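> This is the structure alone, sequence omitted:
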């Protein structure tokens, strides 16, 4: 099983190096081959989204919006969207901070 996992990791690294989008994503600190390939698989080239906020909402990275009496307040990050990709991004950023 360890040999299979190692082979899969090496294959992901190889694919991420060959793909220009994967190479560009891996230049961001905290994003490795696995997270880059997950982003490419989920978002692709980003053309389906009109702006960055729509892309972030697809991943569930936007705060919940609550409004009433003419006042809008932003709550915590919602749990909607791609849980695996959001978790991978959070783990990568926490490891970068530590």
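In hand now; what should we look at? Keep in mind that what you see is a predicted model, and the values were worked out from it rather than measured.

> What mean pLDDT does the longest helix along the chain get?
As assigned by DSSP state H, the longest helix anywhere in the chain is helix 2-18. For helix 2-18, mean pLDDT rounds to 84.

> Give me the helices and strands touching that helix, please.
helix 20-25, helix 33-43 (3 or more CB pairs under 8 Å, 6 or more residues apart in numbering; DSSP states H and E). Placement of C-beta: from N, CA and C, glycine included.

> List the buried residues of the first one.
By neighbour count on 16 or more other CB atoms under 10 Å, the buried set for helix 20-25 is 21-22, 25.

> Helix 33-43 and the helix or strand harbouring residue 91, what's the angle between them?
Using DSSP states H and E, the element containing residue 91 is helix 83-97. Our comparison of helix 83-97 with helix 33-43, counting by axes from the mean of the first three to the mean of the last three CA atoms, to 10 degrees, yields an angle of 140 degrees.

> Residue 48 should be in a helix, yeah?
No: Residue 48: not assigned to a helix; according to DSSP: H, G, I helix; E, B strand; the rest coil it is coil.

> any idea how far residue 22 is from it?
Using CB to CB, to the nearest Å, residue 48 is found at 19 Å from residue 22.

> ok, now which ones touch the residue lying closest to residue 79 once chain neighbours are set aside?
Counting by CB to CB, 6 or more residues apart in numbering, residue 60 is the residue found nearest to residue 79 once chain neighbours are left out, at 6.2 Å. Residues in contact with residue 60 (CB atoms under 8 Å, 6 or more residues apart in numbering) are 77-83, 86.
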